[in-house]
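Student: no FASTA, just this:
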């Protein structure tokens with residue numbers, strides 16, 4: 001159990017504090033069902049139970065937010081992450097969790113000075129020409145001070161709070177154990193995957209603690225956005241930057257929330273700002289695969305000349321090439337009203353949940369997308385469409401992978417900012433040209449040839465590894481370690497599918513062998529020729545083309561047969 005495995009007395013004290021907060025905010029029944037209240041009381045740690053009538057007047061989402069705020073920085077950050085999981089939590093919880101903020105009282109500068117002196121290699125007043133000991137802003141992990149370099153450059157100095165890493169490490173240990181206990185003891189929480197959520201949160205928070213890592217991400221995104229001259233990312237001063245402190249350019253502009261200041265008299269074009277912001281974030285997501293995952297107004301500044309600055313890259317999302325291809329298919333399906341394409345991508349992303357009725361889910365997704373058929377592009381709200389799709393998934397207890405949940409949150413935030421700047425802003429109109437451009441680039445001959453060659457290499461590597469895999473399988477069988485699971489339903493159909501798949505794999509290997517063998521023959525001089533080419537090499541390539549066409553036809557017929565059965 002949790003209490004028996006705690007590392008230190010400090011952890012036990014923190015656990016008592018966490019459980020006490022939960023009880024005070026109306027979650028005493030949950031604590032008792034976990035078996036923790038009785039164990040703590042037997043250990044002499046009594047938990048105060050408030051009067052139930054006081055709690056009945058507070059809605060559960062509000063109780064959750066208040067409890068997270070009282071528990072401190074780690075739990076506030078956890079709540080902020082959960083606020084982006086519209087695929088798991090209903091709108092009433094999301095709305096309340098979005099109220100969580102990291103604004104906390106600043107650490108007195110003299111308490112920061114020893115750590116800062118160690119990181120900078122000297123007193124800040126000596127390292128900088130001027131240093132403001134009054135913080136510009138303070139959050140749960142770090143606080144920011146203004147300073148000036150000796151060459152006159154205005155900068156900000158972001159300083160991690162002393163001791164915060166140890167505090168967060170202790171809280172993460174407890175969170176991981178509480179999540180495991182909750183998943184085992186509270187079946188109702190299983191669809192929310194508590195352990196997986198905590199693991200993803202721990203990875204995100206540890207990255208955020210590394211202030212040098214934040215700067216590396218900022219420079220990577222700045223390099224990707226060089227083709228957009230109206231986008232600014234603060235420059236990093238590496239000789240002053242480390243894990244606990246970073247120094248970047250000070251951005252003097254209009255904050256993203258000060259919309260009233262963006263007037264034509266001040267030289268701003270709000271429609272142009274909305275378009276440029278959307279183009280930048282869409283490029284980060286669709287083309288680059290690395291994006292600012294928290295583009296809210298506090299992290300955006302508007303500069304003269306209708307330029308835009310992004311700051312604070314502590315939360316960055318990443319998308320693999322495969323994810324970007326899937327996202328491209330999803331967005332095009334939404335924008336061009338192709339319900340089957342949307343359903344296919346979402347089902348691939350979520351997989352099968354316990355008790356999920358896939359046919360019903362697919363029907364609901366198709367009906368949802370089909371309702372937009374014929375709606376003009378300028379009237380589509382892409383962010384709202386994504387939010388509605390995640391609501392459908394939530395009803396079926398299906399969660400998105402964390403990178404995609406972060407992505408959808410960024411999309412929704414971006415469209416909201418665009419609409420605030422310009423009520424006539426439409427994300428779909430901005431997204432479609434870029435999506436079509438990316439699709440066109442993917443099907444250029446060079447890109448197709450590269451993907452084909454990579455697929456061939458993976459196929460050959462699999463064939464080369466096959467004898468080792470068979471030998472390993474036989475060794476496990478001899479040692480009695482082989483486990484076989486068989487589902488008897490539709491066994492004959494499964495057997496037929498395996499047989500067809502094996503035939504296609506064999507044909508693919510024959511095609512690969514013909515291509516490689518013919519390529520070798522083409523390099524050998526002499527012998528009969530056809531059309532000026534070595535005859536055997538030409539015939540080999542011709543045979544590969546014929547076999548390839550047969551294979552494509554067989555796969556196409558099989559996919560249409562499955563569609564007809566559905």
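Tutor: Okay, I see it. Keep in mind that this is a model prediction, so the values were computed, not measured. Residues are numbered from 1 along each chain as shown.
Student: Show me the protein divided up by domain.
Tutor: Using automatic domain parsing, the domain ranges for the chain come out as 3-102+166-192, 105-138+141-165+193-250, 256-442, 445-477+494-565.
Student: So which helix or strand of the protein has the lowest pLDDT on average?
Tutor: helix 52-56 (a mean of 53; mean pLDDT, DSSP states H and E).
Student: Mean neighbour count for the domains of the chain - can I get that in TSV?
Tutor: For glycine as for every other residue, the C-beta is placed from the backbone atoms N, C-alpha and C. Converted to TSV, these look like this (neighbours: other Cβ atoms under 10 Å):
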stretch	mean neighbour count
domain 3-102+166-192	16
domain 105-138+141-165+193-250	17
domain 256-442	18
domain 445-477+494-565	12
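Student: And what about the most centrally placed residue in the chain, helix, strand or coil?
Tutor: Among the residues of the chain, residue 403 comes closest to the average C-alpha position under Cα atoms, centre = their mean, at 1.8 Å. Here residue 403 is recorded as helix under DSSP: H, G, I helix; E, B strand; the rest coil.
Student: This protein: strands as residue ranges?
Tutor: All strands of the chain, identified by DSSP state E, fall at 130-131, 137-138, 142-148, 154-160, 231-232, 245-249, 254-255, 290-292, 300-303, 307-310, 316-318, 529-530, 533-534.
Student: contacting residues around the residue nearest to the centre of the chain?
Tutor: For residue 403, the contact set (Cβ atoms under 8 Å, 6 or more residues apart in numbering) comprises 317-319, 323.
Student: Let me know the closest of those to residue 289.
Tutor: Nearest to residue 289 out of the contacts of residue 403 is residue 319 (Cβ to Cβ; 4.4 Å).
Student: From residue 551, how far off is the closest one?
Tutor: 31 Å (Cβ to Cβ, to the nearest Å).
Student: Quick one: the strands of the chain as a markdown table, columns for distance to residue 342 and mean pLDDT too.
Tutor: As requested, those are arranged in a markdown table below (distance: least, Cβ to Cβ, whole Å; pLDDT from 0 to 100):
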| stretch | distance to residue 342 | mean pLDDT |
| --- | --- | --- |
| strand 130-131 | 53 | 97 |
| strand 137-138 | 41 | 88 |
| strand 142-148 | 40 | 95 |
| strand 154-160 | 41 | 96 |
| strand 231-232 | 30 | 95 |
| strand 245-249 | 40 | 97 |
| strand 254-255 | 36 | 93 |
| strand 290-292 | 21 | 89 |
| strand 300-303 | 30 | 94 |
| strand 307-310 | 30 | 95 |
| strand 316-318 | 21 | 86 |
| strand 529-530 | 49 | 68 |
| strand 533-534 | 47 | 71 |
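Student: need these in TSV with distance to residue 410, can you?
Tutor: Shown next, in TSV, are those (distance: least, Cβ to Cβ, whole Å):
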stretch	distance to residue 410
strand 130-131	34
strand 137-138	22
strand 142-148	22
strand 154-160	22
strand 231-232	16
strand 245-249	22
strand 254-255	19
strand 290-292	6
strand 300-303	12
strand 307-310	12
strand 316-318	7
strand 529-530	57
strand 533-534	53
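Student: Tell me which of those strands lies nearest to residue 197.
Tutor: Of all the strands of the chain, strand 316-318 comes closest under Cβ to Cβ, at 16.3 Å.
Student: got the contact list for that closest one?
Tutor: 207, 217, 221, 285, 289-293, 403, 406-407, 410.
Student: One more pass at 7 Å, please.
Tutor: Contacts with strand 316-318, where a contact means Cβ atoms under 7 Å, 6 or more residues apart in numbering, come from 217, 289-293, 403, 406-407, 410.
Student: mind listing what the closest residue to residue 514 other than its chain neighbours touches?
Tutor: Spatial nearest neighbour of residue 514, chain neighbours left out: residue 544 (4.1 Å); criterion: Cβ to Cβ, 6 or more residues apart in numbering. By Cβ under 7 Å, 6+ apart, the residues touching residue 544 are 511, 514-515, 518.
Student: ok, which pair from those is furthest apart?
Tutor: The widest separation within these (Cβ to Cβ) is 10.6 Å, between 511 and 518.
Student: Report the lowest-confidence entry in the contacts of strand 316-318.
Tutor: pLDDT across the contacts of strand 316-318 is lowest for residue 403, at 71.
Student: Kindly give the local confidence score, pLDDT, for residue 9.
Tutor: Predicted confidence (pLDDT) at residue 9: the value is 60.
Student: Same check on residue 299?
Tutor: Reported pLDDT for residue 299: 88.
Student: just checking, it touches residue 311?
Tutor: Yes: with contacts counted by Cβ atoms under 7 Å, residue 299 reaches residue 311, the gap being 5.5 Å.
Student: among the contacts of strand 316-318, which two are most distant?
Tutor: Top of the distance list for these (Cβ to Cβ): 217 and 407, 15.7 Å.
Student: Any regions of the stretch 1-150 of the chain where pLDDT drops low?
Tutor: 1-10, 37-57, 101-103 (pLDDT under 70).
Student: what are the ranges of the helices in it?
Tutor: Taking DSSP state H, counting those that start in this stretch as the criterion, the stretch 1-150 of the chain contains helices spanning 9-24, 28-33, 36-42, 52-56, 60-71, 73-82, 91-97, 109-120, 124-127.
Student: need those helices in JSON lines with distance to residue 273, can you?
Tutor: Formatted as JSON lines, these follow (distance: least, Cβ to Cβ, whole Å):
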{"stretch": "helix 9-24", "distance to residue 273": "42"}
{"stretch": "helix 28-33", "distance to residue 273": "46"}
{"stretch": "helix 36-42", "distance to residue 273": "51"}
{"stretch": "helix 52-56", "distance to residue 273": "45"}
{"stretch": "helix 60-71", "distance to residue 273": "32"}
{"stretch": "helix 73-82", "distance to residue 273": "26"}
{"stretch": "helix 91-97", "distance to residue 273": "27"}
{"stretch": "helix 109-120", "distance to residue 273": "36"}
{"stretch": "helix 124-127", "distance to residue 273": "36"}
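Student: Ok, which of these comes nearest residue 179?
Tutor: helix 73-82 (10.5 Å).
Student: Would you agree residue 343 is in contact with residue 367?
Tutor: No: contact criterion Cβ under 7 Å: residue 343 and residue 367 do not qualify, at 10.0 Å.
Student: Poorly predicted segments of the stretch 151-300 of the chain, please.
Tutor: For the stretch 151-300 of the chain, the stretches with pLDDT under 70 are 191-192.
Student: Recalculate using a threshold of 90.
Tutor: Residue ranges of the stretch 151-300 of the chain with pLDDT under 90: 166-167, 169-171, 173-208, 256-257, 278-279, 281-283, 285-289, 291-299.
Student: Helices of that one, residue ranges please.
Tutor: 164-185, 194-209, 211-224, 270-282.
Student: ok and the second one relative to strand 142-148, angle-wise?
Tutor: The one in question is helix 194-209. 20 degrees (axes from the mean of the first three to the mean of the last three Cα atoms, to 10 degrees).
Student: List just the one of the strands of the chain that sits closest to residue 200.
Tutor: Of all the strands of the chain, strand 316-318 sits nearest to residue 200, with 11.8 Å by Cβ to Cβ.
Student: Kind regards, and thank you for your time.
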